[in-house]
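Participant: I would like the atomic coordinates for the input below:
(2 chains)
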Amino acid sequence: DAGITQSPRHKVTETGTPVTLRCHQTENHRYMYWYRQDPGHGLRLIHYSYGVKDTDKGEVSDGYSVSRSKTEDFLLTLESATSSQTSVYFCAISEGTGYYGYTFGSGTRLTVV
Amino acid sequence: EDQVTQSPEALRLQEGESSSLNCSYTVSGLRGLFWYRQDPGKGPEFLFTLYSAGEEKEKERLKATLTKKESFLHITAPKPEDSATYLCAVQVYNFNKFYFGSGTKLNVKP
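Facilitator: Modelled structure (predicted):
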């Protein structure tokens, strides 16, 4: 996953606590995305960013917020974690609007107990 | 409603046994169809983009084709290292609308 790292790789948290996942890129790509992957659902877009401080919602954005204060960093926050947010979270980047595909990070496995 | 469906969900092949994976889609305004490979514990890795019906792309033992309703990923003489989950995704002309299928898990036995 050259140029894109996610942290942490694994996290266990308790219901009701806030959680922040970090995505860091060194490619200077304008577009960044947060997806979640669940069995039987494929990858679903949570939020995306098209520039510093420019973000928009995806199809499953309820309970999540994002921030992008620098080109290289895109943060995903679960405001009050619930068990339904147990999932694998992937960050992705693209040079343009994804026309040439995305580059994905290695993922964060989040368990909410 | 925009939708992407992959079949089969899982496929077991013997080494050298060729086969095809299917990705059917119903979207309005297809901009591109994408194939990704995903290994366990890793993020998807981009393989191909197909932009128009009739287009084909090849990479080693993989060949992707596209029609107006579906795409096929043909695997010729697969090897165990081809074992992975293969995902397809479609992008529509509405900005940043990508729809992923649930994937086909391929297991190639030696």
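Participant: rest of the way, CA atoms for contacts and neighbours
Facilitator: OK.
Participant: Which other helices and strands does the helix or strand of chain B with the lowest mean pLDDT contact?
Facilitator: Among the helices and strands of chain B, strand B:97-100 carries the lowest confidence by mean pLDDT, DSSP states H and E, at a mean of 84. Helices and strands touching strand B:97-100, by 3 or more C-alpha pairs under 8 Å, 6 or more residues apart in numbering or on different chains; DSSP states H and E, are strand A:42-51, strand B:3-7, strand B:84-92.
Participant: Check which residues of stretch A:58-70 are buried.
Facilitator: A:58, A:61, A:64-68 (16 or more other C-alpha atoms under 10 Å in any protein chain shown).
Participant: Narrow those to those in strands?
Facilitator: Within the buried residues of stretch A:58-70, residues falling in strands by DSSP state E are A:64-68.
Participant: show me the contacts for B:Ala64.
Facilitator: B:48, B:50, B:56-58, B:71-74 (C-alpha atoms under 8 Å, 6 or more residues apart in numbering or on different chains).
Participant: same check, this time on B:Gln14
Facilitator: Neighbours of B:Gln14 in contact, by C-alpha under 8 Å, 6+ apart: B:78, B:108-110.
Participant: show me where pLDDT drops low in the chain?
Facilitator: In the absence of a named chain, this looks at chain A. Filtered on pLDDT under 70, chain A yields the residue ranges A:1-2.
Participant: oops, chain B please
Facilitator: Checking chain B against pLDDT under 70 turns up B:94-96.
Participant: Could I get the full set of strands for it?
Facilitator: B:3-7, B:10-14, B:19-26, B:30-38, B:45-50, B:56-59, B:62-66, B:70-75, B:84-92, B:97-100, B:104-109.
Participant: Let's have those strands in CSV, adding distance to A:Thr15.
Facilitator: Converted to CSV, those look like this (distance: least, C-alpha to C-alpha, whole Å):
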stretch, distance to A:Thr15
strand B:3-7, 32
strand B:10-14, 34
strand B:19-26, 37
strand B:30-38, 30
strand B:45-50, 32
strand B:56-59, 45
strand B:62-66, 43
strand B:70-75, 41
strand B:84-92, 31
strand B:97-100, 29
strand B:104-109, 32
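Participant: Pick the most deeply packed of the ones you listed.
Facilitator: Most buried of the strands of chain B, by mean neighbour count (mean count of other C-alpha atoms under 10 Å in any protein chain shown): strand B:84-92, with a mean of 24.
Participant: tell me what it is packed against?
Facilitator: Going by 3+ C-alpha pairs under 8 Å, 6+ apart, strand B:84-92 lies up against strand B:3-7, strand B:30-38, strand B:97-100, strand B:104-109.
Participant: Output the shortest one in CSV with nothing but the alpha carbons.
Facilitator: So the one you mean is strand B:97-100. This file holds the C-alpha atoms of strand B:97-100, laid out as CSV (Å, rounded to 0.1, in the frame of the first residue of the first chain):
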residue,chain,number,x,y,z
LYS,B,97,-20.6,7.5,-7.2
PHE,B,98,-18.9,4.1,-6.9
TYR,B,99,-20.9,0.9,-6.3
PHE,B,100,-19.0,-2.2,-5.3
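Participant: So which residues on chain A come close to chain B?
Facilitator: A:1, A:39-44, A:90, A:97-107 (C-alpha under 8 Å from any C-alpha of the partner chain).
Participant: In ChimeraX, how would I select just the buried ones from those residues?
Facilitator: Entered in ChimeraX, the line below selects the buried ones among the residues of chain A next to chain B, by 16+ other C-alpha under 10 Å:
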select /A:42,43,44,90,97,98,99,101,102,103,104,105,106,107
